[in-house]
Each structure stands twice: as C-alpha cells, then as structure tokens.
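Asks: 3D model of this:
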Amino acid sequence: MGKVNFTPNERVNQMAGFSWPAGDVIPHYWRQTIVDPSKARNGKTGKPEWLAMLILSHIVYKYMPYEEARYVGDEHIIDYRMKFDRRHEFYQTSYRELAALFNETKDRVKAALAVLEELGVVKRILTTESYHGQTLNNCLNIDIDIDRLKQLTFPVPAEGSAAGVGSESDPTYGEKRTQVGPVSGPPYGEIPAPLPPDLPPRTLRKTYENKNPNPEEAGDPLPLGADGFGSGSIEDEKPPTIIPVMEGLEDSEEFKAAWDAVPASKRTARSKRAALGAWADAVQERGIDGSLISEGYTSYSDIRREEGCEERYIAALSTWISPSQPMEGLTLESLVEARRRADEVHRAEEEARASATAEDAAEEREERFVRKLIATDEEARRLHALAFPDTPSRRITDRLEHLRAWSAYLAEKRDHASSEGAA
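Replies: The predicted structure is shown next:
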C-alpha cells in the first residue's frame with residue numbers, strides 16, 4: 001500500500017481499521033450486550049436498550065473516518081478524513097441535538113448515555129468553548145473507548161463454555177477471533193503506519209460522580225479497567241459517572257420567585273417539570289444567570305398583567321425560557337442582550353476610570369520630580385526661571401529657546417534618574 005495520511009485525532013485513527021458499514025449501524029450482538037440487567041427475565045441477560053444502541057451507532061459513525069484516495073505522480077496516497085471538526089479531540093454535540101435527531105426527549109437521551117457510560121464504552125466530558133468572542137459553558141463532548149466497543153460488538157465466550165454469541169462455530173453473524181479486516185486494508189483494529197504525535201493531555205472541566213459505587217454488589221457483568229474506562233477486574237474498577245442536573249433547583253429562591261409569577265392556571269406538576277428542565281438547560285448549556293431568568297420572567301408577567309392581558313395568554317415559565325415561536329412582550333433573549341451591552345458599557349467605564357487614574361498618578365509623579373529637581377539642582381533653578389519668568393520676554397524666539405533648554409535638561413535628568421532606578 002502507498003502512503004497513508006492520518007488525522008490528528010488518535011481515536012479516529014484507531015477506527016480506520018475497524019470494518020464497519022456506512023451510516024448508523026446496530027450490530028446484532030448489541031442486543032445481548034447493551035441491555036438493562038434489572039429487567040432480565042426468562043433466563044435472558046436483560047432487556048435491550050434500543051435508544052442507547054441508536055446513540056452509540058451514531059457516535060461510532062461520527063468517529064469512523066472516511067477515505068480519500070489520490071495520486072501524486074506515481075505515489076498512491078490515502079487520506080483519512082474526520083467527520084467532525086478536526087480542532088476537537090472528541091465528538092461535540094448536545095442533548096438537544098441528539099433528542100431532535102432521534103425524536104426523543106432530552107431526559108431519555110441523558111438516561112441512554114448514562115447506560116453507555118455504565119457499560120464503559122463512552123464518557124461524557126463538559127468543556128468551555130469560545131466561538132467568535134462568545135464563551136459557551138458546559139459543551140457536551142463524547143469520548144469513546146475503542147477496545148470496549150470491540151468487546152460489546154464481538155463478545156467472546158468464556159473458556160470451556162458452549163458455542164454461543166461470537167464463537168467460531170457461529171455461522172450467522174459476528175467476528176471470528178481470528179478475523180482480519182478487508183483484504184485491501186489493514187488488519188482489524190490495527191494501523192499499519194505510526195500514529196501522529198500524541199495529542200496534548202485533555203483537562204476535564206468537571207469530575208463525574210459514581211452512579212453505582214458498588215458494582216460488585218450490583219452484579220455488573222461488564223467490569224471496567226483501572227483507568228475507569230475499558231475492560232478490567234472488579235478490584236481495579238472505576239466506573240464512569242454522570243453529572244447531577246441542577247441539584248436543589250426546585251428549592252432555590254430564584255426558581256420559587258419565578259414560579260410564583262406563573263399564572264395559577266398553568267402551575268401544574270407537568271408544567272413545573274418542564275420549567276425545571278428548561279431552566280437547567282438555560283443555565284448549563286446557554287450560560288444564562290439564574291437571577292436574570294427569575295427577574296426577567298417576573299417582570300414579563302407583571303408587565304403583561306398591567307397591560308390587561310388574560311392569564312391564558314401569558315407564557316408559562318418553560319415556554320418563556322425556550323420559546324418555539326416569536327413572543328410578545330419582554331423576552332429572555334432581549335434581557336441577555338441588554339445585560340451583555342450593560343456589561344460592555346460598565347467594562348468600558350471601568351477601563352476609562354483606570355486610565356484616567358493612571359494619567360493622574362503619572363502627572364503627580366512628574367510634578368514631584370520637577371519640584372525636587374528645582375530644590376536640589378542650581379542649573380535646574382536657573383533654566384526653570386528663564387523658561388517661566390515673572391515677566392515674559394516680548395521676543396517669541398527667546399521664550400522658545402529658554403523652554404527648549406529647560407525641556408532638554410529636564411529630559412536628561414529624568415533619563416538619568418530612570419537608569420539609576422533600574423540599576
């Protein structure tokens with residue numbers, strides 16, 4: 001094979017030798033490996049988690065590179081291309097994007113990702129990104145463990161067990177333990193050329209709490225490795241975890257004040273759950289201050305009531321935070337923009353005050369230096385008296401000459417004092 005140009009992403013390069021069809025594909029063995037053990041019945045391992053399978057197949061497809069072949073002279077070159085932004089170490093998405101992609105709710109998407117984390121095949125990482133000068137907090141990145149993916153996709157039965165899932169006697173599906181990749185490509189799971197230089201170590205913005213601190217007691221059939229990722233024994237297991245969503249939000253004073261402003265006819269349990277979810281998304285994913293949401297919705301409700309608007313036409317809290325269509329009255333986006341402009345004006349005023357303070361301090365230092373120089377230097381007193389006499393000369397040229405002489409002498413002494421201070 002000719003020259004191969006790899007991507008700057010190590011995980012994408014590992015997937016280059018992974019024989020996988022195009023698009024989102026669910027292998028047959030995931031029905032036995034991606035399951036909920038608590039729902040096991042009739043001797044089966046558990047109920048398949050179909051949404052988790054769909055999301056994992058989408059993540060695998062995003063990490064799978066595509067090839068571009070070209071010729072440079074007589075040299076055959078294969079370029080591996082990434083499906084996501086090459087500047088990112090991990091596939092970056094959001095709960096809202098995944099929910100829209102699979103026509104599901106964000107809560108179900110989060111629960112499915114939690115299942116995949118418990119299996120050790122993916123890990124959620126939150127980072128802070130900057131786009132066009134705007135800071136975005138809690139951006140969702142999804143890491144994938146290739147070795148764990150192979151274990152779930154091509155499981156191998158224990159020694160001495162009967163032929164079953166993934167065994168060499170299985171004539172229908174799955175990879176054989178001696179199987180290799182396509183004839184024209186590299187062996188399965190291997191790269192025939194050295195990988196690019198190691199990427200810089202990533203810094204996790206948040207640590208993840210352990211959802212199941214006692215996996216041995218829970219009977220976890222898929223233990224993780226010492227690094228909290230991949231395969232290993234129970235002794236060195238560190239299972240991945242999930243982040244609690246806005247703990248204590250319902251009891252916070254800010255949320256209570258906003259909820260009290262909701263029309264009485266719309267204060268249902270379902271509406272409250274929707275409001276909590278929209279509030280959490282606004283704070284975590286959009287980086288909006290909770291106090292701004294509370295004050296904004298309260299003002300919106302008061303203004304609409306003062307205008308004589310019927311309560312049924314006043315938007316609920318969740319609708320006001322995340323409207324699906326243009327709204328009348330005060331909106332959250334307008335408040336965010338007003339807050340941004342106010343912050344810019346305040347920052348400009350602070351910078352102007354700091355600059356003026358610095359100029360005043362410089363002028364005061366200059367005056368002290370001149371007074372000290374005149375008091376201790378006879379030549380300085382003479383030149384200063386000529387430059388600023390009690391009765392100025394009528395000849396402009398004489399006055400300018402005396403001013404130039406005083407300025408030159410003052411600059412010379414200032415430079416001398418600066419050099420001595422530096423020494």
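Asks: For the rest of this, base every contact and every neighbour count on C-alpha atoms.
Replies: OK.
Asks: and the gap between residue 69 and residue 3?
Replies: When distance is defined by Cα to Cα, to the nearest Å, residue 69 is 10 Å away from residue 3.
Asks: Touching both of those two, which residues are there?
Replies: With contacts defined as Cα atoms under 8 Å, 6 or more residues apart in numbering, the residues shared by residue 69 and residue 3 are 76, 77, 78.
Asks: next helix or strand past the helix or strand bottoming out on mean pLDDT in the chain?
Replies: Ranking every helix and strand in the chain by mean pLDDT, DSSP states H and E puts helix 215-218 at the bottom, with a mean of 42. Next helix or strand after helix 215-218 toward the C-terminus (DSSP states H and E): helix 253-260.
Asks: Restricting to C-alpha, output that next one in CSV.
Replies: Extracted as CSV, the C-alpha positions of helix 253-260 are listed here (Å, rounded to 0.1, in the frame of the first residue of the first chain):
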residue,chain,number,x,y,z
GLU,A,253,-35.2,31.3,46.0
GLU,A,254,-34.7,32.3,42.3
PHE,A,255,-36.9,29.5,41.0
LYS,A,256,-39.5,30.0,43.6
ALA,A,257,-39.8,33.7,42.8
ALA,A,258,-40.2,32.9,39.1
TRP,A,259,-42.7,30.1,39.7
ASP,A,260,-44.9,32.3,41.9
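Asks: Now do it: which elements does it pack against?
Replies: In terms of contacts (3 or more Cα pairs under 8 Å, 6 or more residues apart in numbering; DSSP states H and E), helix 253-260 is packed against helix 290-306.
Asks: who touches the helix it packs on?
Replies: Contacts of helix 290-306 (Cα under 8 Å, 6+ apart): 254-255, 257-258, 261-262, 279, 283, 311, 314, 317, 320-321, 329-332, 335-336.
Asks: Skip ahead from that helix and say which helix or strand is next.
Replies: Scanning forward in sequence from helix 290-306 by DSSP H and E, the next helix or strand is helix 317-321.
Asks: what's downstream of that next one, the next helix or strand?
Replies: Moving toward the C-terminus from helix 317-321, the first helix or strand encountered (DSSP H and E) is helix 332-376.
Asks: so which of the shared contacts of residue 69 and residue 3 is the most crowded?
Replies: With neighbours taken as other Cα atoms under 10 Å, the top of these is residue 78, carrying 18 neighbours.
Asks: What segments of the stretch 51-200 of the chain are helices?
Replies: Here the stretch 51-200 of the chain has its helices, by DSSP state H, counting those that start in this stretch, at 95-102, 106-119, 146-153.
Asks: Could I get the buried residue list for the first one?
Replies: The neighbour-count check on helix 95-102 (16 or more other Cα atoms under 10 Å) flags 95, 98, 99 as buried.
Asks: just the last one next, same as before
Replies: For helix 146-153, the neighbour count (16+ other Cα under 10 Å) marks 146, 147, 148, 149, 151, 152, 153 as buried.
Asks: Compute the inter-axis angle for it and helix 106-119.
Replies: With axes from the mean of the first three to the mean of the last three Cα atoms, to 10 degrees as the basis, helix 146-153 and helix 106-119 are set at 100 degrees to each other.
Asks: Summarise which helices and strands helix 146-153 is packed against.
Replies: With contacts defined as 3+ Cα pairs under 8 Å, 6+ apart, the packing partners of helix 146-153 are helix 30-33.
Asks: roughly how far is the helix it packs on from the heart of the chain?
Replies: On the basis of Cα atoms, centre = their mean, to the nearest Å, the separation between the geometric centre of helix 30-33 and that of its chain is 31 Å.
Asks: Mind giving me the packing neighbours of it?
Replies: In this structure, helix 30-33 makes packing contacts with strand 47-48, helix 146-153, judged by 3+ Cα pairs under 8 Å, 6+ apart.
Asks: Reformat these as CSV; add distance to residue 297.
Replies: Compiled in CSV, these are given as follows (distance: least, Cα to Cα, whole Å):
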stretch, distance to residue 297
strand 47-48, 42
helix 146-153, 46
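Asks: Can you say which of the ones you listed is nearest to residue 25?
Replies: Among the helices and strands packed on helix 30-33, the nearest to residue 25 by Cα to Cα is helix 146-153 (11.2 Å).
Asks: and that closest one, average pLDDT?
Replies: Helix 146-153 comes out with an average pLDDT of 89.
Asks: For it, C-alpha coordinates in PDB please.
Replies: These are the backbone C-alpha positions of helix 146-153, laid out as PDB (Å, rounded to 0.1, in the frame of the first residue of the first chain):
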ATOM      1  CA  ILE A 146     -12.500   1.500  21.000                       C
ATOM      2  CA  ASP A 147     -11.400  -1.600  23.000                       C
ATOM      3  CA  ARG A 148     -14.700  -1.600  24.900                       C
ATOM      4  CA  LEU A 149     -16.600  -1.100  21.700                       C
ATOM      5  CA  LYS A 150     -15.000  -4.200  20.200                       C
ATOM      6  CA  GLN A 151     -15.900  -6.200  23.400                       C
ATOM      7  CA  LEU A 152     -19.500  -5.200  23.100                       C
ATOM      8  CA  THR A 153     -19.700  -5.800  19.400                       C
END
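Asks: how far is that helix from where the chain is centred?
Replies: Averaging C-alpha positions (Cα atoms, centre = their mean) puts helix 146-153 26 Å from its chain's average.
Asks: likewise stretch 405-419?
Replies: 54 Å.
Asks: Not counting its own residues, what contacts that stretch?
Replies: With contact meaning Cα under 8 Å, 6+ apart, stretch 405-419 is reached by 370, 380, 383, 384, 387.
Asks: In a helix, the second one, correct?
Replies: Yes: in this structure, residue 380 lies within a helix as judged by DSSP: H, G, I helix; E, B strand; the rest coil.
Asks: Might one say that it is in contact with residue 371?
Replies: No: assessed by Cα atoms under 8 Å, residue 380 is found out of contact with residue 371, at 10.0 Å.
Asks: out of those two, which sits in the busier spot?
Replies: When neighbours are counted by other Cα under 10 Å, residue 380 and residue 371 differ, and residue 380 comes out ahead with 18 against 11.
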